[in-house]
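Q: Predicted model, plus sequence, below.
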Amino acid sequence: MQSEELSIRSVQTKGDLKEFIKFPWQVYRNDPQWVPPLVVERKEFLDKRKNPFFKHAEVVFYLAKRDGQTVGRIAGIVNHNHIEFHQEKAGFFGLFECVKDYEVAKALLDSVREWLKSKRMEIVRGPANFSSNEEWGFLAEGFDSRPVIMMGYNPSYYLDFMEKYGMIKAKDLYAYFIDESLPTPARVVRMAENIKKRENVKIRNLNMEKFGDEVEGIKQIYNSAWSKNWGFIPMTDEEFDHLAKNLKQIVDSHMIFIAEVDGKPAGFSLALPDFNQVLVRLNGRLFPFGILKLLWHTKIKNKIDGVRIITMGVMPEFQKRGIDTVFYVESYNVGVKRGYKWAEMSWVLEDNTLMNRVLKLLGARLYKRYRIYEIAI
């Protein structure tokens, strides 16, 4: 309780959960860049019975109320897999939204901080929705365009609130943009060809007819490739299978590449069509007419003209051999043939020197920046 008017309470009922899910519509009702999530998808994401993340995590949801009206929300997260993997007592906040009132933001952050303290955490970090394997960080630069699929968006005043609260930057994440008007430099194309010959790299597409087997192979690459990256948490088998099942509905298999070296899996790259171009028109609803709109814009009108290169990983023993460059060239060439006009490459850690250098070499421009904050408890 921060004042007579403002109160913080945990989500207890179905009605509370509905308010928690629907509150962003209040924050963004006049913001043309916001992409409303599908309500049905948010319900599943927050359902402890359906989202396998909850099997290794404790999560609490809070609503901020003033005079009976919801004015903010936040989640507190203890991810036991993160604690075990990184050997640090870091808890997280996520799903943060609030009206333009610092008192509300402070009350929400205080509530999560106290809850994490009761769980014996020593650091609060975020936002994480719910982990680095999903939406991660506040948008800090690049408010003049919509977010792409599975990337976050927020008002700029959230950053002011974090800094006023005493949070410091833990890490910045970069998003790069490139379009078809900028062909891959000839020297990069030659470089990719030389790498394929020198390293005996073969590139193939995902075989959708053997989707289950392919997912098993990708799972091993994913959890090995990023094992030393800041903030990375290996996905459990159940989490990975759950994500793969959901993504199967929207992937373009021509934009999923698997690299093999001497016949052994070495890496993979995944580019997803930017379904946010369609979601923005649905206002969170698939029913009664949302599915028809979705089919119209994706199948009939062919409105999706961009992709997000969301994941690109190379097994540790094959890293620093240039396979990432081969993936980017392949993604560009096939993407243009498939009718895509642009791509976002995200996210990239600010201190991932090699990846940032490769992207700049390709002519991509840094156009969005996301920020992760932290504070001691």
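A: Yes, it's here. Residues are numbered from 1 along each chain as shown.

Q: count of neighbours near Lys337?
A: 9 (other Cβ atoms under 10 Å). Yep, even glycine has a C-beta here, placed from its N, CA and C like the rest.

Q: and the gap between it and Arg190?
A: As for Lys337, its distance to Arg190 is 20 Å (criterion: Cβ to Cβ, to the nearest Å).

Q: Flag every buried residue along the longest helix seen in the chain.
A: In the chain, with assignment by DSSP state H, the single longest helix is helix 102-118. For helix 102-118, burial by neighbour count (16 or more other Cβ atoms under 10 Å) applies to 103-109, 111-113, 115-116.

Q: now for the helix or strand containing Ser331, which elements pack on it?
A: Secondary structure from DSSP states H and E places Ser331 in helix 323-337. In terms of contacts (3 or more Cβ pairs under 8 Å, 6 or more residues apart in numbering; DSSP states H and E), helix 323-337 is packed against helix 186-199, strand 201-205, strand 256-261, strand 264-273, strand 306-314, strand 342-349, helix 353-361.

Q: The shortest one vs helix 186-199, what angle?
A: Yep, that's strand 201-205 we're talking about. When axes from the mean of the first three to the mean of the last three Cα atoms, to 10 degrees is applied, the directions of strand 201-205 and helix 186-199 differ by 110 degrees.

Q: neighbouring strands for strand 201-205, and are they parallel or not?
A: Strands adjacent to strand 201-205 in the sheet, as given by DSSP bridges, are strand 256-261 (antiparallel).

Q: Give me the distance from the strand it pairs with to the chain's centre.
A: 23 Å (Cα atoms, centre = their mean, to the nearest Å).

Q: Run through the residues that contact the residue nearest to Gly166 when sequence neighbours are not counted.
A: Spatial nearest neighbour of Gly166, chain neighbours left out: Ile375 (5.6 Å); criterion: Cβ to Cβ, 6 or more residues apart in numbering. Ile375 makes contact with 113, 123-124, 165-168 under the criterion Cβ atoms under 8 Å, 6 or more residues apart in numbering.

Q: Quick check: which element contains Ile375?
A: strand 365-376.

Q: Direction-wise, compare that strand with helix 102-118 and give the angle.
A: Between the direction of strand 365-376 and that of helix 102-118, the angle (the same axes, to 10 degrees) works out to 60 degrees.

Q: Now do strand 365-376, average pLDDT.
A: Averaging the model's pLDDT scores along strand 365-376 yields 98.

Q: tell me the angle of that strand relative to helix 353-361?
A: Strand 365-376 and helix 353-361 are oriented at 150 degrees to each other (the same axes, to 10 degrees).

Q: start the count at 36, not 1, going forward
A: I'll keep to 36 as the first residue from here, and by that count the last item is strand 400-411.

Q: For strand 400-411, list every residue counted as buried.
A: 401-410.

Q: Show me the two of those that sit farthest apart.
A: Pairwise distances across the buried residues of strand 400-411 (Cβ to Cβ) peak at 28.4 Å, for the pair Tyr402 and Ile410.

Q: looking at the helices and strands packed on helix 358-372, which is closest to Glu93?
A: Sorting the helices and strands packed on helix 358-372 by Cβ to Cβ, the top spot, which is the nearest, belongs to strand 377-384 at 25.8 Å.

Q: Please identify the pairing partners of that closest one and their relative orientation?
A: Note on strand 377-384: by DSSP bridges, its sheet partners are strand 203-214 (antiparallel), strand 341-349 (parallel).

Q: Could you identify which of the ones you listed is most buried?
A: Of the strands paired with strand 377-384, the one with the most neighbours on average (mean count of other Cβ atoms under 10 Å) is strand 341-349, at a mean of 22.

Q: List of residues touching that strand?
A: Strand 341-349 is contacted by residues 183-186, 256-257, 259-261, 287, 290, 294, 301-309, 312, 356, 358-359, 362-363, 366, 370, 375-381 when judged by Cβ under 8 Å, 6+ apart.

Q: Provide a ChimeraX selection command restricted to the buried entries of the residues you listed.
A: A single ChimeraX command selects the buried members of the contacts of strand 341-349 (16+ other Cβ under 10 Å):
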select :183,184,185,186,256,257,259,260,261,287,290,294,301,302,303,304,305,306,307,308,309,312,356,358,359,362,363,366,370,375,377,378,379,380,381
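
Q: Please parse the chain into its domains.
A: Residue ranges for the domains of the chain, per automatic domain parsing: 41-208, 213-403.

Q: For this protein, give me the ranges with low pLDDT.
A: The model of the chain has pLDDT under 70 over residues 36-39, 322-337.

Q: hmm, try it at 50
A: Within the chain, the ranges that satisfy pLDDT under 50 run 36-37, 335.

Q: what about Phe88, neighbour count?
A: The number of residues packed around Phe88, counting by other Cβ under 10 Å, is 21.

Q: so who does it touch?
A: Under the criterion of Cβ under 8 Å, 6+ apart, the contact partners of Phe88 comprise 114, 165-166, 274.

Q: I'd assumed it was in a strand, is it?
A: No - Phe88 is assigned helix when assessed by DSSP: H, G, I helix; E, B strand; the rest coil, not a strand.

Q: center of this structure - which residue?
A: In the chain, the centroid-proximal residue (Cα atoms, centre = their mean) is Glu170; its distance is 3.2 Å.

Q: thought that residue was touching Ile184?
A: No - because the distance of 10.5 Å does not satisfy Cβ atoms under 8 Å, Glu170 is recorded as not touching Ile184.

Q: follow-up on the earlier one: adding distance to Leu282, write the strands paired with strand 377-384 out as JSON lines.
A: As requested, these are arranged in JSON lines below (distance: least, Cβ to Cβ, whole Å):
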{"stretch": "strand 203-214", "distance to Leu282": "19"}
{"stretch": "strand 341-349", "distance to Leu282": "9"}
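
Q: Show me the one of the ones you listed that comes nearest Asn235.
A: Among the strands paired with strand 377-384, strand 341-349 comes nearest to Asn235, with 14.6 Å by Cβ to Cβ.
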